[in-house]
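Participant: model this:
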Amino acid sequence: MEKLIDPIKAKELHGLIERNNQIVLTCHVRPDGDAVGSTLALWNLLKKCGKHPVVIVPDKPPLSLSFLPGFREIGIYTSHKEYCEKTIEEAELLICCDFNVLSRLDSIAPIVEASKAVKVLVDHHTEPGNFADLTISYPKMSSTCELVFRLIAAMGLYCDVDTDCATCLLTGIITDTRNFTVNVRNNDLYEILMRLLEKDVDKERILKEAIISRSLNSLRLEAFALSEKLEVFNEHKASLITLSAEELKRFDYERGDTEGLVNRPLEVRGMVYSIFMREDSDCIKISARSNDGFPVSEICKTLYGGGGHIQAAGAEFHGSLKECREIFVSNMSDFDKYMNPKLRNNRN
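Facilitator: A predicted model of the protein is given here:
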């Protein structure tokens, strides 16, 4: 396997782990499989190393990830503010996973910023901020979980990876690569898969729990979104789905019910990119995915101040759903230049 991790940074992190016992792991708001997977993977590993780790997240993770070892031990800020604040304040070491800037921590951002703990950033997004004492950033990796696996190996702790830790790591990799169909830039990611399977990970269960299984309301919501709310712009090889708060309420929406919805239009032959806009209580949440190397990150960054990876990006818009949609639709042609010329010339 290619050694991509800076050995100096791996050694520095290993030293920080050895010298500190009160360790807090955290991740971005609205945590997904990679965010929860990377923090819980390290949580399981650190416990085995005799440490006292705690995972604190800004808000409730989706129930589809409740099968992950340690899920019920997660401290949720929106549910237990005093406990989470006290835990972060008393931390000796803070390891921040799967986000690049403090604002992605939402309400716990100022608490983390004010903490006197040594801060470490472990992430695979572009343009990392400078808030951490140690930044371990590799945007070309498929997921933060891939990065964490490589980091564990670089620290010489691979033997301490058990089934629980490996399950969390593979969950993040699977969810961020759509089961190894996108963002697989390093071919030895398949070797990582093999190494994790050697730890007795149940890959079929991960797929079932994190991707396939869902509630009846979630299934009905997706059917409604695809049949009634899907807009296709053939001249731009693009699609758009918008869901209002009222529509979400009609289907008793719960966090995670629209996970993966943005990917569905990409199953249509010839579709290059897909945008999904969901009206949350505090903002319009924008998700973008693409095929054929089309940089949806440019759309999110240029129109909404967001960002992410080339083929998987997102943003938040503070305004109405109608305004959010209009901004996208009126500016679509500006991004046609990024499309593969062969695809751009084929309007069928």
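Participant: Residue 24 belongs to a helix, doesn't it?
Facilitator: No: using DSSP: H, G, I helix; E, B strand; the rest coil, the assignment for residue 24 is strand, not a helix.
Participant: partners of it in the sheet?
Facilitator: residue 54, residue 94 (DSSP bridges).
Participant: That one and residue 128, how far apart?
Facilitator: When distance is defined by Cβ to Cβ, to the nearest Å, residue 24 is 19 Å away from residue 128. Yep, even glycine has a C-beta here, placed from its N, CA and C like the rest.
Participant: the more surrounded of these two?
Facilitator: residue 24 (27 against 18; other Cβ atoms under 10 Å).
Participant: What are the neighbouring residues in contact with the more buried one?
Facilitator: Contacts here follow Cβ atoms under 8 Å, 6 or more residues apart in numbering; on that basis residue 24 touches 53, 54, 55, 56, 87, 88, 91, 93, 94, 95, 117.
Participant: how close does it sit to residue 42?
Facilitator: Counting by Cβ to Cβ - residue 24 and residue 42 are separated by 11 Å.
Participant: which residues are in contact with both of the two?
Facilitator: Counting by Cβ under 8 Å, 6+ apart, the residues touching both residue 24 and residue 42 are 53, 95.
Participant: so residue 305 sits right up against residue 315, yeah?
Facilitator: Yes: between residue 305 and residue 315 there is a contact under Cβ atoms under 8 Å: 6.4 Å.
Participant: Those two: which is more packed in?
Facilitator: Taking other Cβ under 10 Å, residue 305 and residue 315 do not tie; residue 315 has more neighbours (23 against 10).
Participant: Leaving out sequence neighbours, find the closest residue to that one.
Facilitator: Of all residues not flanking residue 315 in the chain, residue 306 sits nearest, at 2.4 Å (Cβ to Cβ, 6 or more residues apart in numbering).
Participant: just residue 140 next, same as before
Facilitator: Distances taken as Cβ to Cβ, 6+ apart place residue 185 nearest to residue 140, at 5.6 Å, with adjacent residues excluded.
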